[in-house]
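[1] Just a sequence and a predicted model for now, questions to come.
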Amino acid sequence: MKNMSIRSVFALVLPLAATLLAAPLPALSAEEDAPLVETPDLPPPPVNLKPSVEVDGAYVVLGDLFEGVTKYADKPVAYAPEPGKRTVFDARWLQSVARSYGVMWQPVGQYEKVTVTRASQVIDQAQIAQEIHAALADHNVGPSADVVFNTRNLQLYVPSKAEARVGVSNLSYDEHSGRFVADVEAPVGAPDAQRVRVSGRVYTTTSIPVFKRNIAKGETIKESDVELITLRESEVRDDTVGSAEDLIGKTPKKMVRAGTPVRDAEVERPLRIAKGALVTLVLQTPQMTLTTQGKAMENGAHGDTIRVQNVRSKTIVLGTVSDNNMVSVSQNAETPASALLTN
């Protein structure tokens with residue numbers, strides 16, 4: 001080795017160096033290739049209190065109270081109020097819930113709160129009365145009867161997605177006084193149905209004609225002037241006109257206001273003949289027609305029988321008002337044809 005020349009050493013080293021230089025370099029991994037950057041911790045999203053909220057189910061969940069909650073948002077934290085009612089959660093209770101579920105929220109003041117309302121459908125008094133009325137059919141209560149509750153503004157509330165049907169049970173009815181007591185519930189048959197005991201009275205009703213507009217004295221009443229309204233029978237006087245036919249063609253003795261029940265004494269048939277007026281007396285038979293002038297002794301409407309005095313003979317006869325200033329008489333023992341003849 002000592003005797004080896006420099007030329008011999010280079011002869012051995014150079015081929016080895018060439019081989020090493022020709023070999024590929026090992027590839028760097030992605031982690032080795034990428035620069036090292038520190039990722040800062042992102043702050044949690046802000047959480048805000050919802051001052052008011054409407055819920056549709058039986059529970060209040062965490063996300064109903066706090067806006068921005070991601071974890072446990074669907075976690076029930078309280079029972080929802082009954083349909084149609086509301087519950088208020090104060091700052092102390094809200095802070096306790098937030099702490100229990102790791103929600104980063106603190107009340108600004110002691111008066112912070114959340115008002116939770118339960119979504120619902122309203123069953124009004126008219127619908128309840130309709131069901132009571134249907135149940136009273138078994139007690140011979142007619143369809144025109146009026147059901148009146150002792151409680152004003154009676155209402156039932158049911159969940160917004162429930163079927164808004166009313167059930168009636170334990171109905172008690174006194175036919176003499178018209179009073180009733182019953183239990184109603186909605187939704188019918190539901191375990192959480194709202195139940196309430198109701199009481200009231202049934203009034204029989206009737207339809208009577210009234211005027212659509214004010215009708216003046218002497219004005220002839222037309223069919224288009226009349227309409228029917230429904231009143232309790234106890235509110236209708238015995239002398240009230242009961243049908244439109246009894247008004248049409250007549251005239252008021254004085255002005256009658258629209259919508260007011262009309263009494264029999266307030267209307268009359270239009271006068272065709274006034275007392276003291278000169279009229280034509282007519283006697284008609286198959287063989288002849290006799291006419292003469294007379295003087296009306298009383299007022300007369302169409303179809304009325306009135307007394308008329310023959311102007312010339314002064315004989316008084318009975319006749320029927322047939323037209324304006326015309327009275328028809330018939331020949332009989334009391335009214336012979338000679339009574340119409342002038343002297």
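    Arrived safely, thanks for sending.

[2] Report the separation between the nearest residue to P76 once chain neighbours are set aside and E163.
    Leaving aside its chain neighbours, P76 sits nearest to Y59 (3.8 Å; criterion: CB to CB, 6 or more residues apart in numbering). Glycine gets a C-beta too; all of them are placed from N, C-alpha and C. Counting by CB to CB, to the nearest Å, the gap from Y59 to E163 is 21 Å.

[3] before we move on, the earlier item: quick one, what contacts the residue nearest to P76?
    Y59 sits next to 76-80 when contact means CB atoms under 8 Å, 6 or more residues apart in numbering.

[4] What does it show for phi and psi?
    Backbone torsions for Y59, taken as degrees, to the nearest 10, come to phi -130, psi 160.

[5] what sits opposite it in the beta ladder?
    Y79 (DSSP bridges).

[6] Now stretch 108-125: buried residues?
    By neighbour count with 16 or more other CB atoms under 10 Å, stretch 108-125 contains the buried residues 112-114, 116-118, 120-121, 123, 125.

[7] With stretch 230-245 instead?
    Buried residues in stretch 230-245, counted by 16+ other CB under 10 Å: 231, 240-242, 244.

[8] what's the neighbour count on K222?
    K222: 11 surrounding residues under other CB atoms under 10 Å.

[9] where's it relative to Q95, distance?
    76 Å.

[10] Kindly report the same for G102.
    Going from G102 to Q95 by CB to CB gives 13 Å.

[11] now S328
    Distance, S328 to Q95, by CB to CB: 101 Å.

[12] Show me the buried residues of stretch 108-125 that map onto helices.
    Judged by DSSP state H, helices contain the following of these: Q125.

[13] before we move on, back to that, highest neighbour count among the contacts of Y59?
    The most neighbours of any of those, using other CB under 10 Å, belong to A80, which has 23 neighbours.

[14] what comes into contact with the longest strand anywhere in the chain?
    Ranked by number of residues, the top strand in the chain under DSSP state E is strand 194-203. Outside strand 194-203, the residues within contact range by CB under 8 Å, 6+ apart are 82-83, 128, 132, 136, 141, 145-151, 154, 156-158, 173, 177-186, 232-234.

[15] Restricted to buried residues, select those in PyMOL.
    Typed into PyMOL, the line below selects the buried ones among the contacts of strand 194-203, using 16+ other CB under 10 Å:
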select buried, resi 83+128+132+136+141+145+146+147+149+154+156+157+158+173+178+180+182+184+185+186
